[in-house]
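**Student:** just coords:
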């Protein structure tokens with residue numbers, strides 16, 4: 001037996017359905033929408049997703065800044081990597097120089113063996129020092145570029161949401177740990193624009209390095 005609805009009834013049903021959808025959407029909090037995105041991300045990145053247990057999520061408006069603008073944060077990452085490389089070359093140069101001093105420069109009384117060792121470390125020192133100077137020059141260029149990018153940001157512009165998310169999970173070794181991540185999401189909570197592990201040593205070192213290199217006094 002077929003059921004027939006009058007036109008007014010159909011309109012009422014449609015209106016009620018629409019209202020229910022709007023009500024359900026309206027009741028979804030910012031935290032709920034953020035957690036949905038985070039859950040999707042964690043399912044792809046965590047080693048043991050089954051152990052994932054959310055603790056707390058805080059959401060606030062994200063205004064344009066070095067830490068929320070993807071282009072600036074990406075350039076900051078490049079700056080950090082450049083400086084990290086420069087320090088590696090500096091360490092190699094220092095080590096080679098120490099060995100040079102141990103073997104000493106060739107003299108009338110030095111052996112061919114010690115002379116070859118000196119020349120070896122002298123070459124290593126020169127190569128490492130050249131690479132260090134080149135890396136520092138590149139770091140300065142990147143630093144100036146980033147500084148200009150940040151200065152051009154309109155810090156009153158809201159670009160989306162900044163989310164701090166704490167959770168429990170197990171490491172690859174099976175140990176329980178607590179994660180503390182920062183996410184930047186678009187205005188509609190449709191995608192994660194930026195992700196940072198706030199408790200990682202690299203993340204903390206990266207922030208300190210970027211802020212130090214953006215200070216004019218560092219280069220003077």
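**Tutor:** Cool, the structure landed. Computed from a predicted structure; not experimentally measured.

**Student:** Who does the residue nearest the centre of the chain form a beta bridge with?
**Tutor:** Taking C-alpha atoms, centre = their mean, the centroid of the chain lies closest to residue 196, which sits 4.7 Å from it. On the basis of DSSP bridges, residue 196 takes part in beta bridges with residue 182.

**Student:** same check, this time on residue 62
**Tutor:** Under the criterion used here (DSSP bridges), residue 62 is bridged to residue 160.

**Student:** which residues sit in contact with it?
**Tutor:** Residues in contact with residue 62 (C-beta atoms under 8 Å, 6 or more residues apart in numbering) are 68, 158, 159, 160, 161, 162, 184, 185. (C-beta placed from N, C-alpha, C; glycine too.)

**Student:** and the gap between it and residue 90?
**Tutor:** Using C-beta to C-beta, to the nearest Å, residue 62 is found at 36 Å from residue 90.

**Student:** Thought residue 212 was touching residue 218, still the case?
**Tutor:** Yes - between residue 218 and residue 212 there is a contact under C-beta atoms under 8 Å: 5.7 Å.

**Student:** rewinding a little: I'd say the residue nearest to the centre of the chain and residue 203 touch.
**Tutor:** Yes - counting by C-beta under 8 Å, residue 196 does reach residue 203; the two are 5.6 Å apart.

**Student:** mind listing what's buried in the longest helix seen in the chain?
**Tutor:** As assigned by DSSP state H, the longest helix anywhere in the chain is helix 112-151. Judged by neighbour count (16 or more other C-beta atoms under 10 Å), helix 112-151 contains these buried residues: 114, 117-118, 121-122, 124-125, 128-129, 131-132, 135-136, 138-140, 142-143, 146-147, 149-150.

**Student:** Packing partners of that helix?
**Tutor:** In this structure, helix 112-151 packs against helix 70-103, helix 201-213, with contacts taken as 3 or more C-beta pairs under 8 Å, 6 or more residues apart in numbering; DSSP states H and E.

**Student:** run the last query once more with 6 Å
**Tutor:** helix 70-103 (3 or more C-beta pairs under 6 Å, 6 or more residues apart in numbering; DSSP states H and E).

**Student:** Show me what counts as buried in the helix it packs on.
**Tutor:** 72-73, 75-76, 79-80, 82-83, 85-86, 89-90, 92-93, 96-97, 100, 103.

**Student:** before we move on, what about stretch 37-45?
**Tutor:** Taking 16+ other C-beta under 10 Å as the criterion, stretch 37-45 shows 37, 38, 41, 42 as buried.
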